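In: Sequence first, then the predicted structure, then my questions.
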Amino acid sequence: MIRFESVTKRFANGTTAVDDLSVEFLEGGITVLVGSSGCGKTTTLRMINRLVDPTSGTVSLGGRDVRELPAAQLRRGIGYVIQQAGLFPHRTVLDNIATVPTLLGWGRRKARARAAELLEVVGLAAESGKRYPHQLSGGQQQRVGVARALAADPPVLLMDEPFGAVDPVVRTLLQDELIRLQAELRKTIVFVTHDIDEAVRLGDRIAIFRTGGHMVQIAPPAELLARPADDFVAGFLGAERGLKLLSLISLQDVPYEPIAAVRTTDTAAQARAEATGRWLLAVSPDGKPAGWLDVHALDGSDSIGQAALTPVRGLTDADSLLSALNETVSSPTGMAVRVDAAGVLVGASRDDVVHAHQRSLA
Amino acid sequence: MDLLSKLVAWLTSAGQWAGSEGIAQRLFEHVEYSLLSTLVAALIALPIGLFIGHTGRGAFLAINLSGFGRALPTVGIVTLVFLVSGLSMTPVYISLVALAIPSIVTNTYAGMAAVEADTKDAARGMGMTGLQSLWRVEVPLAAPLIMTGLRLATVQVIATATIAAYVSFGGLGRYIFDGLAQRDLTQVMGGAVLVAALAVAVDLILAGIHRVLFRHRLT
Amino acid sequence: MTIEWGWLTTHTDDLLALTLDHLATAVPAVLLGLLIALPLAVVAHRVRPLRGLLLGISNIMFTVPSLALFVLLLPITGLTRTTAIAGLTVYTLVVLLRNTVEGLDSVPAKVREASLAMGRGSLGTLVKVEFPLALPVIMAGVRVASVMTISLVSVASYIGYGGIGQLFTDGFQRSFPTPVLAGVVLTLLLALAADAVLVVVQWLCTPWIRKGARA
């Protein structure tokens, strides 16, 4: 879909930002460009919407050289999201989102209706449309940035460190939202970041850039983590490369077995009768794991509901092998508790089963 | 073209420069008036600017008062003070000082206000008293903008000091007023060119000093 | 100093006429200055090498004594209001040009880039994004320029278009302080009123600044 052919960009001051890049970014997937600062990842991105023109080589979009269209017309068909959103401080949130539709001549009413619709898509309250950007939090501003880029429903989205300026909790939230949106919209997304965890989390393919504008390797995250092309890539992926790899593997194929459990509404006597060892899983009345119960700490005949429970995290099939490993280490029984999509207990995987599955992949 | 050659002739004739009515003397007087006025204005305006900048108190009043000062018509002030106090340099000095104060106050205040709260906080945190923070941190940081204010004021005063001739004193304004009276356009132009040249030259000198003083700064 | 209040009451019509005359010179001068400064500022903002040159020229023009400038304009525009307006316009440029360039500089690069990246042209970005965001700084310049111009108009009484300044010459010739004081006060009031009007105009033009920080 997006194709670079022998593209080189040298700036006037003599630095080579991108050096002889030939690559194709696939349609309908997220390609993450990652590397330390000054590696040319942002320049690569900006050559797609011609905020930067290559010194030599061609960039094409859907088979057409990007230089065939006037720059402004090209850009109206490409969504662009940047750090701190680059929102227009003097326009309301709604007007910000409606920018491209307005430029495309949709008419005010239609553009605003579309903007209101997008507010909802990115999870913002309708009232925020009347606000000015500085009245929103950083995370909300970033959502507006995404909504603005999506407004004219462009097939391609360019995102330049869009979540770089928000705190880690909000960043994770925004990443989840992007994954959810992408599952629905199937845009062709090119995403620039220097955060390798973000890259692994979001990318269908990851391209690693090295200072001087060389793309060293491009591969799906699992392949990249399993077989880094050289020491540079391995170093960039970090010391916990193995664990990152596990974060990409789902629990779908990890077997589980039934597990005894008591309800939090049961009595201590019932719990003691059920127990085979010191720890017993407690579930809430609706069947969701509530925590691990220490049978030895139970006294008298008070109900379980009053006892202190050690926290448990129920894992679905979509959760990663890494989180299962984490549960086997942190739970007092070495069990990873499994739940269905609704969060209801279905069983548990013993630590040796989880470990065996992990070894079988190597 | 004709006017230009006359102007050059006027400026370059040797007799024009010497004597008690010569350009050299007029130039000296002009510099004297301007320097004295700017100095007095600085003595009044700097403490005010520093005080409101440091304490943040009275900023609104001071900024608006200096805006008010900018609106004072110099000719009117000179005439008024002249009619009240009689023939002396007082009217000239009063109006020039009034002209110079606003630029110095606003720039000093702006320079002080631009010092980041974090920096002042750090100064306090290291145990500096308010006065120590003022002299060792805030004033040095505000210095470039304060200097800009002084430059602006000086240039304004030099360009306006021609007013001295209006109440029959010297300075380069003599050529402009005499030229007007004698319908001698060359002389008017000569005076104007000399005033502008003096203002530009002084501005360049001050800019040079500014550059040397703050050469280690980024801005 | 004795003020003859009687003179004031018998001359209210004259004072009003002079005030209007004052405005008839000052207002066009500032507007014309703005008309010239805006495009020049865009050039100075975009073409770095020209910035120093343009600002330098406007600075030098500022140092020419105002009376001399009017006299020098006489051979070109004659004894007309145009001469007064043209001369005053030159002085407004120094403030208007500097503030407009600074205002354009203050527009965050990210915002400008976002506008371009969304497919707005260079001119559209200038008009719809850069100028509105530079407005507070530009308006600060317009306020200073207006106040300055209103106080300078009186110098043009030499060529007959000094508005309120007429009172200074008048009082000077007759050694009569009352009209001079009236003129000074009137000039100040006019400057104050003009400034107030501009503050309101700016307030109306920048709704995004009125809204408080995040709610």
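Out: Cool, got the structure. Residues are numbered from 1 along each chain as shown, chains lettered A, B, ... in the order given.

In: Residues in contact with the lowest-mean-pLDDT helix or strand in chain B: which ones?
Out: Within chain B, no helix or strand scores below helix B:14-17, which has a mean of 74 by mean pLDDT, DSSP states H and E. Outside helix B:14-17, the residues that touch it by Cβ atoms under 8 Å, 6 or more residues apart in numbering or on different chains are B:10, B:22-24. For the C-beta atoms, the positions are set from N, CA and C on the backbone; glycine is no exception.

In: Narrow those to those in helices?
Out: B:10, B:23-24 (DSSP state H).

In: Out of these, which end up buried?
Out: B:10, B:23 (16 or more other Cβ atoms under 10 Å in any protein chain shown).

In: with the ones in helices among the contacts of helix B:14-17 in mind, which one is nearest to C:Arg81?
Out: Among the ones in helices among the contacts of helix B:14-17, B:Trp10 lies closest to C:Arg81 (Cβ to Cβ), at 30.1 Å.

In: So for that closest one, what's the pLDDT?
Out: You'll see B:Trp10 listed with a pLDDT of 85.

In: Show the model's pLDDT score for the residue lying closest to it once chain neighbours are set aside.
Out: Excluding the flanking residues, the one nearest B:Trp10 by Cβ to Cβ, 6 or more residues apart in numbering or on different chains is B:Gly190, at 4.7 Å. If you check B:Gly190, the pLDDT there is 90.

In: host element of B:Gly190?
Out: helix B:185-213 (DSSP states H and E).

In: Per-residue confidence, A:Thr264, what does it come out as?
Out: On the pLDDT scale, A:Thr264 gets 83.

In: re earlier: which residues does the residue nearest to B:Trp10 contact?
Out: Counted by Cβ under 8 Å, 6+ apart, B:Gly190 has contacts B:7, B:10-11, B:175, B:179.

In: Flag every residue of chain C that's near chain A.
Out: Residues of chain C lying close to chain A by Cβ under 8 Å from any Cβ of the partner chain are C:108, C:110-111, C:113-121, C:124, C:129, C:132-133, C:206, C:208, C:211-215.

In: tell me, what residue is most central in chain B?
Out: In chain B, the centroid-proximal residue (Cα atoms, centre = their mean) is B:Thr154; its distance is 2.2 Å.

In: so where's the chain uncertain?
Out: I went with chain A, as the question did not name one. A:85, A:300-302, A:305-306, A:362 (pLDDT under 70).

In: hm, I was asking about chain B
Out: B:1, B:14, B:216-219.

In: the helices in it, which residues?
Out: With DSSP H as the criterion, chain B has helices spanning B:2-12, B:14-17, B:23-55, B:59-70, B:74-85, B:90-113, B:117-125, B:130-133, B:139-160, B:163-166, B:173-181, B:185-213.

In: among those, which is nearest A:Pro133?
Out: helix B:117-125 (23.8 Å).

In: Touching, A:Ala290 and A:Ala282? I think so.
Out: Yes. Here A:Ala290 lies in contact with A:Ala282, judged by Cβ atoms under 8 Å, at a distance of 4.7 Å.

In: joint contacts of the two?
Out: Taking Cβ under 8 Å, 6+ apart as the contact rule, A:Ala290 and A:Ala282 both touch A:264, A:309.

In: ok so A:Leu51 is a strand residue?
Out: No. Per DSSP: H, G, I helix; E, B strand; the rest coil, A:Leu51 lies outside any strand segment and is coil.

In: Distance of the residue lying closest to it once chain neighbours are set aside relative to A:Glu68?
Out: Of all residues not flanking A:Leu51 in the chain, C:Ala117 sits nearest, at 5.9 Å (Cβ to Cβ, 6+ apart). Between C:Ala117 and A:Glu68 the computed distance is 18 Å (Cβ to Cβ, to the nearest Å).

In: Which of the two has more residues huddled nearby?
Out: C:Ala117 (26 against 10; other Cβ atoms under 10 Å in any protein chain shown).

In: Would you check how far apart that one and chain B are?
Out: Distance, C:Ala117 to chain B, by Cβ to the nearest Cβ, to the nearest Å: 29 Å.
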